[in-house]
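**Q** after the sequence you'll find the predicted model.
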Amino acid sequence: MGALAVVIGSGCGGAQHARARAPSPRLAGRTARAAAAPVRTVSRLDLGRSVRGRPIVAVHIRGERPGRTVLVVGCIHGNETAGIAVARALERTRARRLDLWEVEDLNPDGVAAGTRQNADQVDLNRNFPQGWRPLGRPGDQQYSGPRALSEPEARIAYDLIRRIRPSVSIWFHQPVGVVDESGGDLGVEQRFAAVSGLPLRRLTRYPGSAVGWQDATMPGTTAFVVELPPGRPSGDAVRRYARAVLALSR
């Protein structure tokens, strides 16, 4: 697994030659702002490939005072893409207290085809080990695949979560417009609901779901579903959902 790290906002100082011209006020102002800017690292990691060979990438943003580790998955169902915009907005954050991992799109084949399922016609959110059982047939809305973790996309998420052990994992879906009581820490879910403006509800729990697997197998962590409203979110909505993610990072 490769990584490219970029450090942003670091300042440095050095002695000037005695005959050097004094910096202009404008340049001095820019230098002062750069020195005061928070330092963060942004790493992009190639996690693997989808069934059709499309790359699946994680972005890791670490502030100068890392908080709790938070994972955001912008899209797992290919016809539910609103969360991708939230993940991209979070990549621009300058929050100091941050240890944020993002997978914008776990199902690029489904996004390309406009389908809920991946290219094997499997619902990836029924393909995780916890409670997995056969559901439907290829192409059915909730076809769970031939076995748990049969799909490369599900294995990628499974491996990443086991590696980084996020304190909080947020999986974006559509189109119900609620925060789901998914079985983790209710206080975490309530906090996200309060900041995002989405109501908190308990939705049906299904076998083989990503959040069900993490909540059952990683004590002390919380994974939950955020069902965004239908359609493309407005800029204000995207910023509000991003703020809700950041509220859980501190």
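**A** Great, that's in hand.
**Q** strands of this structure, residue ranges please.
**A** 3-8, 40-49, 55-62, 69-73, 99-103, 168-173, 178-180, 200-201, 222-227 (DSSP state E).
**Q** out of those, flag the one nearest G212.
**A** Nearest of the strands of the chain to G212, taken as CB to CB: strand 222-227 at 8.1 Å. Glycine gets a C-beta too; all of them are placed from N, C-alpha and C.
**Q** that older thread, and the strands of the chain, which one is worst for confidence?
**A** Lowest mean pLDDT within the strands of the chain: strand 3-8, a mean of 39.
**Q** check A210 and give its pLDDT.
**A** 98.
**Q** how about it, nearest residue that isn't a chain neighbour?
**A** What sits nearest to A210 in space, not counting adjacent residues and going by CB to CB, 6 or more residues apart in numbering, is F128, at 5.2 Å.
**Q** contact partners for that neighbour?
**A** For F128, the contacting residues are A148, L149, A154, Y158, G208, S209, A210, G212, W213, by CB atoms under 8 Å, 6 or more residues apart in numbering.
**Q** the first one contacts R133, doesn't it?
**A** No. Distance between A148 and R133: 9.0 Å, which falls outside the contact criterion (CB atoms under 8 Å).
**Q** the more surrounded of those two?
**A** The residue with more neighbours, out of A148 and R133 and counting by other CB atoms under 10 Å, is A148; that gives 21 against 9.
**Q** for the more buried one, which residues are in contact?
**A** A148 touches N127, F128, P129, W132, G208, counting by CB under 8 Å, 6+ apart.
**Q** any idea how far the second one is from R97?
**A** As for F128, its distance to R97 is 30 Å (criterion: CB to CB, to the nearest Å).
**Q** and for R88?
**A** As judged by CB to CB, R88 and R97 stand 21 Å apart.
**Q** any shared contact partners between A148 and R133?
**A** Common contacts of A148 and R133, defined by CB under 8 Å, 6+ apart, comprise G208.
**Q** tell me the bridge partners for the spatially most central residue of the chain.
**A** Computing the C-alpha centroid of the chain and ranking residues by CA atoms, centre = their mean puts V72 first, at 1.7 Å. Beta-bridge pairing of V72 under DSSP bridges involves E102, I170.
**Q** that one against V245, yeah?
**A** Yes. Taking contacts as CB under 8 Å, V72 lies within contact range of V245: 6.0 Å.
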